[in-house]
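> Coordinates for the following, if possible.
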Amino acid sequence: MYVKPGCPYCQAAREHLAAEGERVEERDATRNPAWKAELMGYTNQRGVVPTIIGEDGKVVQVGFPPGRG
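Alright, predicted model coming up:
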């Protein structure tokens with residue numbers, strides 16, 4: 001899951017995924033240029049967080065709840 005500090009939508013996604021028992025690797029797009037580039041690729045250069053990527057490398061969801069972020 002791509003995130004940025006202080007993002008309330010990222011926090012909501014964390015809580016939602018934790019409640020479902022999902023384990024998530026977080027990638028702070030503000031701290032690592034490679035992660036930012038990945039995020040931009042997944043979001044058509046929009047940089048929307050959180051962006052959740054499945055284990056298969058496909059986009060699961062952009063924004064949280066859907067349509068937000």
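
> what's the single longest helix in this protein?
When the chain is parsed with DSSP state H, its longest helix is helix 8-19.

> So which bits of that one are buried?
Across helix 8-19, burial judged by 16 or more other C-beta atoms under 10 Å covers 9-10, 13-14, 17. C-beta here means a position set from N, CA and C on the backbone, and glycine is covered the same way.

> How about stretch 40-47?
40, 42-43, 47.

> From those residues, which land in helices?
40, 42.

> Any chance of CSV for the buried residues of stretch 40-47, columns pLDDT and distance to Gly54?
Below are the buried residues of stretch 40-47 laid out as CSV (pLDDT from 0 to 100; distance: C-beta to C-beta, whole Å):
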residue, pLDDT, distance to Gly54
Met40, 97, 18
Tyr42, 96, 11
Thr43, 96, 15
Gly47, 96, 19
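
> if we can go back for a sec, follow the chain on from the longest helix of the chain and name the next helix or strand.
Toward the C-terminus, helix 8-19 is succeeded by strand 27-28 as the next helix or strand (DSSP states H and E).

> Does that next one pack against any helices or strands, and if so which?
strand 2-3, helix 33-42 (3 or more C-beta pairs under 8 Å, 6 or more residues apart in numbering; DSSP states H and E).

> Select, out of those, the one closest to Ile53.
Ile53 lies closest, by C-beta to C-beta, to one member of the helices and strands packed on strand 27-28: helix 33-42, at 6.5 Å.

> so how far is the longest helix of the chain from its chain's centroid?
Distance, stretch centre to chain centre, for helix 8-19: 10 Å (C-alpha atoms, centre = their mean, to the nearest Å).
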